[in-house]
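**Q** sequence and predicted structure, then a few things I'm wondering about:
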Amino acid sequence: MWFDLFKDLWLERRRPIFFWCAAGLGWNIFAALAYPAVQGEEWLDRLLTWFALQSGTQKGYWLLVLMVLGSPIIGGGYAFLEGIHLFKGRGVRQMLAFLLAYPLPRWEVYLSRVVYLFSASFLLVLCIFTSGTALTYFSANPMPGGMWRMWTASILLVFLLGLAGVLVGNLGASRWMDRLAGLLVLGWLYLPYVQNSTAGLVRLSPLFYVLGETPTNQTFVMENGLILFLLCAIVGVLGGFAFERLELN
Amino acid sequence: MRYLVMRTENLSKEFRRQPALCGVTLEVDPGEVFGLLGPSAAGKSSLFHILLDFIRPSHGHALVLGMDCQRNGLKVRRLVGYLPQNLSLPKGLSGRQVIERFAALRDGVDLNFAYSLAARFKTNLDVPCGQLCAAEQRKIGLVQAFMHKPELILLDEPSRDLDTLTQMELYHLIAEFRAEGHSVVIASQSIAEMERICDRVAVFHQGRVIAVERGAQLRARAIRKIEMRFANPVNPQIFMGLNNINQLVCDQNKVYCTVQGDPDALLKTASQFRVLDIISQQPPLEEVYQMVYGIPAYVV
């Protein structure tokens, strides 16, 4: 049954995912067009240094565009907001209550929504990745195949942010709380990097487990992926527990 | 021990320290149409939500079909039909798809019976739910609540948005189900609806049950505002002698009054004159609460 619920969600929520895919594509095109104008700029070099990316190179620039900004901001933004939307709002709660008036266990409804969120996040990250790769293919410095492994971690990161949204959607009492939670998540991602990319503090950011210690090498440490997976599992279970206790009034 | 389809004992629920239900104790017999009457936020829907395990009570407990609502939530929901107050159907699916989808969630639903219900309510099942008006969505909601012939049906404001003909069809359907031994619990703000279809009615006020009345009792105590227009001016003294008349106002050839219970005496008195027009209206719930239960209107 959960598969039917999953299909219904896709049918109902297809428009936002198209919009966000278009936003991802637009971001990549904008970044490609802006590169000649911004290369060598001091602020760009500082930004690249923050994230331990090779400054002055096109590879470093595209890692910044795709891995540091594109995927977490566009993919993560979508996943976080969609995660909230799946469990919050008058209409959504009414729909959930209507579903749960049937002999459906709550975990089944939760699972269908989480699987939908994962598939939508996957599609969006894939869209950002393929469009970004296609754009770099025409440049002098195409993305190497090793990027794929980093992208797997990036999908996990976006899914983690989506699950954080699910948790907020189940627990959040007001819109202001949602916004505050969004800002906290953003801070969680980037603030540790602003200090010093080589300091141990960066390990607090989930972005570190996508980029690794030397992102420009584009090597991916399996342990990092496992940590992201574990974080997803923990936040997912917490979200499930919150949904199990959720009062649908 | 008497078998009850629904039993609540001292049921209470608070939301952020605001009481939604206070010590509600109710019993519904098999084959009974039971009404929950009250203004909005009186606790009617909260009671349904506890019965369906959407929310957990702060105190007390509730049994549905002999099972604890919280411990046996899935079993209870398998045997109960429910129409929510605010219905939200999947926008992308047609009415037919919704019925098929929800029928699949329950075992042994006769789809032909479901379609026959839809035909009775004159529902167009081929239009996507997102394009349906509130009344059409409500009809689909009613079909899904009745389609598996549940032992207990919970209807929250069932006639809201419905036209008169569909309301009549719904009342017929409820009567048929009652005759077959099914029980129906209806939450409504309409006294007329309660009088018409319920065997017993629990009157809610601020989360408390202030009275449980038989349908006949409710009808006997029903309050109506009557406006009569005569061909010639009438003497108000004639109506003053009637003992169930209140708020009598005479304005030349027009008479306004409130009748509690049977209007027979009023009509017989009025028939001495040539009556041009007569209008009977049910007063708002607030006025009924004030007149019958002595609760000031501003509190309701």
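**A** Yes, it's here.

**Q** do the helix or strand hosting B:Tyr115 and chain A meet?
**A** In the assignment (DSSP states H and E), B:Tyr115 maps to helix B:111-120. No. For helix B:111-120 and chain A, the contact criterion (CB under 8 Å from any CB of the partner chain) is not met; the two come no nearer than 14.2 Å. No exception for glycine: its C-beta is placed from N, CA and C like everyone else's.

**Q** buried sites along that helix?
**A** B:Ala114, B:Tyr115, B:Leu117, B:Ala118, B:Arg120 (16 or more other CB atoms under 10 Å in any protein chain shown).

**Q** quick one: the helices in the chain?
**A** I went with chain A, as the question did not name one. A:2-12, A:14-38, A:42-50, A:58-63, A:76-85, A:90-100, A:106-137, A:147-171, A:175-195, A:208-211, A:222-245 (DSSP state H).

**Q** hmm, I had chain B in mind actually
**A** B:44-51, B:73-79, B:95-105, B:111-120, B:134-146, B:164-179, B:191-197, B:215-220, B:237-240, B:264-270, B:285-293.

**Q** from the chain's centre, how far out does the fourth one sit?
**A** Translated: helix B:111-120. 23 Å (CA atoms, centre = their mean, to the nearest Å).

**Q** in chain A, which residue is most central in space?
**A** Nearest residue to the geometric centre of chain A (CA atoms, centre = their mean): A:Val158, 2.0 Å.

**Q** reformat the helices of chain B as JSON lines; add mean pLDDT.
**A** As requested, the helices of chain B are exported to JSON lines (pLDDT from 0 to 100):
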{"stretch": "helix B:44-51", "mean pLDDT": "94"}
{"stretch": "helix B:73-79", "mean pLDDT": "91"}
{"stretch": "helix B:95-105", "mean pLDDT": "90"}
{"stretch": "helix B:111-120", "mean pLDDT": "94"}
{"stretch": "helix B:134-146", "mean pLDDT": "94"}
{"stretch": "helix B:164-179", "mean pLDDT": "94"}
{"stretch": "helix B:191-197", "mean pLDDT": "87"}
{"stretch": "helix B:215-220", "mean pLDDT": "77"}
{"stretch": "helix B:237-240", "mean pLDDT": "84"}
{"stretch": "helix B:264-270", "mean pLDDT": "89"}
{"stretch": "helix B:285-293", "mean pLDDT": "74"}
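
**Q** the most centrally placed residue in chain B pairs with what?
**A** Taking CA atoms, centre = their mean as the criterion, B:Ser188 is the residue nearest the geometric centre of chain B, at 3.4 Å. Under the criterion DSSP bridges, B:Ser188 forms beta bridges with B:Leu37.

**Q** contact residues of chain A facing chain B?
**A** Checking chain A against chain B by CB under 8 Å from any CB, the hits are A:1, A:4, A:8, A:11-12, A:90-92, A:94-95, A:97-98, A:100-105, A:247-249.

**Q** just the buried residues of those residues.
**A** A:8, A:12, A:92, A:94-95, A:97-98, A:100-104, A:248.

**Q** in JSON lines, list the helices of chain A along with mean pLDDT.
**A** What follows is the helices of chain A, written out as JSON lines (pLDDT from 0 to 100):
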{"stretch": "helix A:2-12", "mean pLDDT": "84"}
{"stretch": "helix A:14-38", "mean pLDDT": "91"}
{"stretch": "helix A:42-50", "mean pLDDT": "85"}
{"stretch": "helix A:58-63", "mean pLDDT": "84"}
{"stretch": "helix A:76-85", "mean pLDDT": "94"}
{"stretch": "helix A:90-100", "mean pLDDT": "89"}
{"stretch": "helix A:106-137", "mean pLDDT": "91"}
{"stretch": "helix A:147-171", "mean pLDDT": "90"}
{"stretch": "helix A:175-195", "mean pLDDT": "87"}
{"stretch": "helix A:208-211", "mean pLDDT": "86"}
{"stretch": "helix A:222-245", "mean pLDDT": "93"}
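
**Q** excluding chain neighbours, give the residue nearest to the residue nearest to the centre of chain A in space.
**A** Excluding its sequence neighbours, the residue lying closest to A:Val158 (CB to CB, 6 or more residues apart in numbering or on different chains) is A:Gly75, at 3.9 Å.

**Q** contacts only, for that neighbour.
**A** A:Trp20, A:Gly24, A:Ser121, A:Leu124, A:Val125, A:Ile128, A:Ser154, A:Val158, A:Leu161 (CB atoms under 8 Å, 6 or more residues apart in numbering or on different chains).

**Q** I appreciate the help and will end here.
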